[in-house]
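Participant: take a look and give me a structure for this.
(one chain, ligands or ions: 1)
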Amino acid sequence: MTYDHSYVEDFAPAVGVLPPRAWLDDDSARIALTGDWSFRLSPSLADAPDDLKDPDTSSWDTISVPGHWQLSGYGAPAYTNVVYPFPLEPPHVPTDNPTGDYVRSVIVPADWDGARVVLRFEGVDSRFAVHVDGNLVGWSSGSRLPSEFDLTSLVAPGKEIRIVVRVHQWSLGSYVEDQDMWWLSGIFREVNLLALKPSAPTDVFVKAAFDHVDGAGTLLVESDVPGTVVVPELGLELPTGEHTRIEQVEPWSAESPRLYDAVLRSEGGEVRLRIGFRTVAIVDGILTVNGNRVLFNGVNRHEFHPDRGRALTEQDMLDDVLLMKRAGINAVRTSHYPPHPHFLDLCDLHGLYVVDECDLETHGFGYEPEPPNLPNPVMDERFRPDLVERMRRMVERDKNHPSIVLWSLGNECGMGENLRAMYDFAKDRDPSRPVHYERDRGAEFVDVYSEMYTSLENVEKIGADPASHKGLPFILCEYGHAMGNGPGGLSDYRALFEKYPRCQGGFIWEWIDHGLRTSVDGKEFYAYGGDFGETIHDGNFVCDGLLFPDRTPSPGMLEYIKVIEPLVIVADGKGGVSITNRYEVLDTSHLTFQLVTEINGEVVGSGNLPVPAIAPGETVSVELPPGILAQREANQPETWATVTAELTEGTAWAEAGHRVAWGQLRLDTPAEATAPTGSGPAEGTVGIDGITLAGITNARLDVWRAQIDNDAIPGVANAWKENGLHRVQHRIVSSGVKDGAWEVVTRTAPPALQWGLVATWRWTTVDDGVLLDLKVVPDGQFPDTLPRLGITFELPKVDQVEWFGAGPNEAYVDTRAAAAVGKYSATVDQLQTPYVRPQENGHRIDTRWAALTGSAGSLRIEAAPDLFGLTVRNWTTADLENAKHTIDVIPGDPTYVTLDLAQAGIGSNSCGPALPDQYKLHTAPATLSIKFVS
Ligand code: IPT
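Facilitator: Residues are numbered from 1 along each chain as shown. The predicted structure follows:
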């Protein structure tokens, strides 16, 4: 008889499992079944052996649990975003269904006598059957949800049992787990054998609320086994099931995550509880926590590690939480499945608002398919029991976390009655939390209205019409697509969240690039879709995070940190500094303010800046110390004051001195910029006519950048490429002395087309160098916009770059909030940003001067007076553009230097609105004046 695999395609959510219950920190005995299990992978159901009653594992390998078999040497990862990698014919899945068998023995301790012995899985992808000593115990699915099996009748204390788990890569569950991520299978979260004492609680529901009007807390702890709840700090002792009011409590919030340690004592054992008193409510269309309007400075977080996939360690989870807290992020959407429960404990402890999302996405069916297309599973009644059970399993597991402020039904499923049923379940079981779902345009079964990737104009419209969408609070569950270089425009979104009360922020897509660490010939790089030979895949769309795969912050992360920082520090227009407190509940008494003054990038003064405690929402003006004012009077050169707010004392998530906000004030009054005048023609100087200055060769007009992911989308990229911008040629029209300058006229134009850019390069000598006055005029049917307009030239290899301008990190016109004016120094290597898929990077905006030094000497470039964008790299734009992975860009000699008059903004168009007009680089006559000193 062959093994009956029919459960793989069963519409039932599970068979033989215990009812879902809360994740509890109790004193029940347990054995962690982590570590080595015997393992065998069958490529297909057809050849998965029929020996699960008593498999002979002597020839099997071992695999480490938790983990994914594709990252443990079996099969290969595969990435698709929307599309399913198998034919759509629910409930069927391919017979070629990789199936992993896991076997492990464990002795049930003798002192477990009388206990209920439960085998608990925290997460198995995607469906699995459990056998103990030859008996089929049951099966379950819901990859990111726990399943428990009662083994009591199959075990005897003191005796060994043999557990056999058969896990299938594809199942009915795969139809509702179409999240944008790697397909990775196996037992990827912990497995435990538990001894549950009959007289100890196994399910507890803590209901703790806060009344912001009178400061009182209310508490009710429900338990399946009665007991007494003790909260020592509150001097409280109260029976389960009894509601109590506490005169004064300190509330829990993301900024001030006050938890009260408590214990629930019953006859059979103890459960440790951490109680956070807080109330989530929608008041007059505004989402509030403890009466305060919430503004989500959030991120979408997938669970990811470049070596372990979704099998995270507790350290990985802590790393995420600490990185978020230090960044000023206050909210996480657990896209698109419930995270490991330990992560939620950390959110409670350190303070992050959580949108806990159900393990559900059916994107590949389309939003509202009409016959003859198949209905989306959320419209198909056969899926309803499974979907409602998924919601139930999440709510039951996670209900005690104060950090969870919204339940979310799932992601990208369109609309269907099964979603309504999930909503109804959540509201019935836990009326204390509003429910989120994004694609409910009519706001039928949601409590907050949510959209993704909405343009600024449309956010503004929603903000300006508070009655629209049933007057619900509005959030962007995804925006700011952080793929490759980007996202741009975050400050503009932030301004709208400040302007319209109902626009309550959003969640950047996404937290981390899912690049898998791989190597070729000993050279390491991060792999993305297609790198494992997948038949269909979505390339590097899986690398769209604020963090690189190894959790180092990308420039996008640094930008986000600046945009959301809790204080706004700017000039007050009266000679002082204006500081606005954007915290929800904290005043600024925990912060110390520092002031540093710099003239032309050199520090001339520093010290403490006394600032009174500023209440949330308040703005104060602080005068600068008199010495600094005097300096301002006396100095014409560029003078900046930088005010920094730091933590006075360490917190659980950062050390004392951690910077939470900063701002710069320009102290000198910039004089009307005047161009230096040359004293005569710098004859035969630099140009494409081959004559060189200070090692400069091959100076050309440059209009192309290695496409960033936001450029590489049809509308933009095609228009640019159709206009031949990626392959222009250059012609010298004339050169000679003219009107006191050496003048070279060039025409830069693409093959086959008739438009061009006529550039007039006028070179004159000045005291210590040569001056270039460049004028560019488009002719013919030129394209509306350009990726960039600048000049690129070559220099003998440069090692070190020093510059005065905006920095220290790369910045573009719409990603420049985090750039501060200062004097910086970096190697050419350090100027590059290693985007997982190589693309334009490293641009330093608003450079005043730069000194480039290499073995062949040095060259100084000065704004005269136009500020320029600076890019220095040891490869060409084409090299960068043609590279698929970081290891494909190979540094060489010479160095390529680009000085931009302007460059197009970055935007978020890889998954989002077009680049706003103000950040486009419109083709028009332009000039640039620069001085070269060798
Ligand atoms: C949106 C998805 O919700 C998210 O999971 C991710 O795929 C993101 O896009 C892109 O990276 S869906 C999109 C069609 C708006």
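
Participant: ok, now which ones touch residue 571?
Facilitator: 577-578, 665-666 (Cβ atoms under 8 Å, 6 or more residues apart in numbering). In this view, the C-beta of every residue, glycine as well, is placed from N, C-alpha and C.

Participant: nope, residue 23 is what I was after
Facilitator: Shown in contact with residue 23 (Cβ under 8 Å, 6+ apart): 146, 341, 344, 397-398, 400.

Participant: recalculate using a threshold of 10 Å.
Facilitator: Going by Cβ atoms under 10 Å, 6 or more residues apart in numbering, residue 23 touches 122, 146, 204, 338, 340-342, 344-345, 396-401.

Participant: for it, grab phi and psi.
Facilitator: phi -70, psi 120 (degrees, to the nearest 10).

Participant: residue 58 too?
Facilitator: According to degrees, to the nearest 10, residue 58 has phi -60, psi -30.

Participant: residue 285 too?
Facilitator: phi 80, psi 10.

Participant: again with residue 619
Facilitator: According to degrees, to the nearest 10, residue 619 has phi -120, psi 140.

Participant: for the ligand, see how far away it is.
Facilitator: Distance from residue 619 to the ligand, counting by Cβ to the nearest ligand atom, to the nearest Å: 37 Å.

Participant: what do you get for residue 792?
Facilitator: Counting by Cβ to the nearest ligand atom - residue 792 and the ligand are separated by 32 Å.

Participant: hang on, that residue in a strand?
Facilitator: Yes - judged by DSSP: H, G, I helix; E, B strand; the rest coil, residue 792 forms part of a strand.

Participant: correct me, but it touches residue 704?
Facilitator: Yes - counting by Cβ atoms under 10 Å, residue 792 touches residue 704, with 9.3 Å between them.

Participant: joint contacts of those two?
Facilitator: residue 877.

Participant: tell me the first helix or strand C-terminal of the helix or strand bottoming out on mean pLDDT in the chain.
Facilitator: Least confident element among the helices and strands of the chain, by mean pLDDT, DSSP states H and E: helix 626-634 (a mean of 68). As assigned by DSSP states H and E, the chain's next helix or strand after helix 626-634 is strand 639-647.

Participant: that following strand - what's its average pLDDT?
Facilitator: The average pLDDT within strand 639-647 is 97.

Participant: partners of it, with directions?
Facilitator: Strand pairing for strand 639-647, using DSSP bridges, gives strand 591-599 (antiparallel), strand 659-666 (antiparallel).

Participant: out of those, the one nearest residue 874 is which?
Facilitator: Of all the strands paired with strand 639-647, it is strand 591-599 that lies closest to residue 874, at 30.2 Å by Cβ to Cβ.

Participant: export that closest one as CSV, just CAs?
Facilitator: Extracted C-alpha coordinates of strand 591-599, given in CSV (Å, rounded to 0.1, in the frame of the first residue of the first chain):
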residue,chain,number,x,y,z
LEU,A,591,18.3,64.4,25.9
THR,A,592,21.4,66.4,25.9
PHE,A,593,22.1,69.0,23.2
GLN,A,594,25.5,69.6,21.7
LEU,A,595,26.5,72.4,19.5
VAL,A,596,29.4,72.4,17.0
THR,A,597,30.4,75.3,14.8
GLU,A,598,32.4,75.0,11.7
ILE,A,599,33.9,77.5,9.3
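
Participant: what is the end-to-end distance of stretch 368-388?
Facilitator: 20 Å (Cα to Cα, to the nearest Å).

Participant: could you give the mean pLDDT of it?
Facilitator: 96.

Participant: report the buried residues of it.
Facilitator: Within stretch 368-388, the residues scored as buried using 16 or more other Cβ atoms under 10 Å are 375-380, 383-384, 386-388.

Participant: about what we covered before: any chance of the strands paired with strand 639-647 in JSON lines, with mean neighbour count and distance to the ligand too?
Facilitator: Listed next are the strands paired with strand 639-647 as JSON lines, based on neighbours: other Cβ atoms under 10 Å; distance: least, Cβ to the nearest ligand atom, whole Å:
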{"stretch": "strand 591-599", "mean neighbour count": "20", "distance to the ligand": "36"}
{"stretch": "strand 659-666", "mean neighbour count": "19", "distance to the ligand": "29"}
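
Participant: closest to residue 512 out of the ones you listed?
Facilitator: strand 659-666 (22.4 Å).

Participant: any idea which helix or strand comes after the closest one?
Facilitator: Per DSSP H and E, the helix or strand that comes after strand 659-666 is strand 697-702.

Participant: buried ones in that next one?
Facilitator: Buried residues in strand 697-702 (16+ other Cβ under 10 Å): 697-702.

Participant: which stretches in the stretch 201-350 of the chain count as helices?
Facilitator: 314-327, 341-350 (DSSP state H, counting those that start in this stretch).

Participant: hmm, stretch 706-725 in reach of the ligand?
Facilitator: No - figure legend: stretch 706-725 not in contact with the ligand (Cβ under 6 Å from any ligand atom); closest approach 10.2 Å.

Participant: okay, how far is it across that stretch, tip to tip?
Facilitator: Using Cα to Cα, first and last residues of stretch 706-725 are 11 Å apart.

Participant: can you pull the residues of the protein lying near the ligand?
Facilitator: Counting by Cβ under 6 Å from any ligand atom, the residues of the chain that sit close to the ligand are 81, 180, 336, 411-412, 452-453, 478, 509, 541, 544, 911.

Participant: of all those, which comes closest to the ligand?
Facilitator: Proximity of these to the ligand (Cβ to the nearest ligand atom) peaks at residue 180, which lies at 3.2 Å.

Participant: just want the most central residue of this protein.
Facilitator: residue 511 (1.9 Å; Cα atoms, centre = their mean).

Participant: go ahead and confirm it touches residue 546.
Facilitator: Yes - counting by Cβ under 10 Å, residue 511 does reach residue 546; the two are 6.1 Å apart.

Participant: now for these two: what residues contact both?
Facilitator: 299-300, 323-324, 329, 482, 557.

Participant: now the buried members of these.
Facilitator: Buried among those by 16+ other Cβ under 10 Å: 299-300, 323-324, 329, 482, 557.

Participant: so residue 598 makes contact with residue 668?
Facilitator: No - between residue 598 and residue 668 there is no contact under Cβ under 10 Å: 11.0 Å.

Participant: residue 751: how many residues sit nearby?
Facilitator: The tally of other residues near residue 751 (other Cβ atoms under 10 Å) stands at 8.

Participant: partner residues bridging residue 208?
Facilitator: residue 219.

Participant: so it makes contact with residue 400?
Facilitator: Yes - using Cβ under 10 Å as the test, residue 208 is close enough to residue 400 to be in contact (9.1 Å).

Participant: model confidence at residue 864, what's the number?
Facilitator: Among the per-residue scores, residue 864 shows a pLDDT of 88.

Participant: for it, phi and psi?
Facilitator: Dihedral angles (degrees, to the nearest 10) for residue 864: phi -140, psi 70.

Participant: close enough to count as contact, it and residue 768?
Facilitator: No - using Cβ under 10 Å, residue 864 is not in contact with residue 768, being 11.7 Å away.

Participant: between these two, who's got more neighbours?
Facilitator: The neighbour comparison of residue 864 against residue 768 (other Cβ under 10 Å) goes to residue 864, with 22 against 11.

Participant: residues in contact with the more buried one?
Facilitator: 673-676, 678, 766, 769, 771-773, 849, 928-932.

Participant: most neighbours among those residues, which one is it?
Facilitator: residue 772 (26 neighbours).

Participant: could you find the closest non-adjacent residue to it?
Facilitator: In space, and not counting its chain neighbours, residue 772 is closest to residue 930: 5.1 Å by Cβ to Cβ, 6 or more residues apart in numbering.

Participant: thanks a lot, see you next time.
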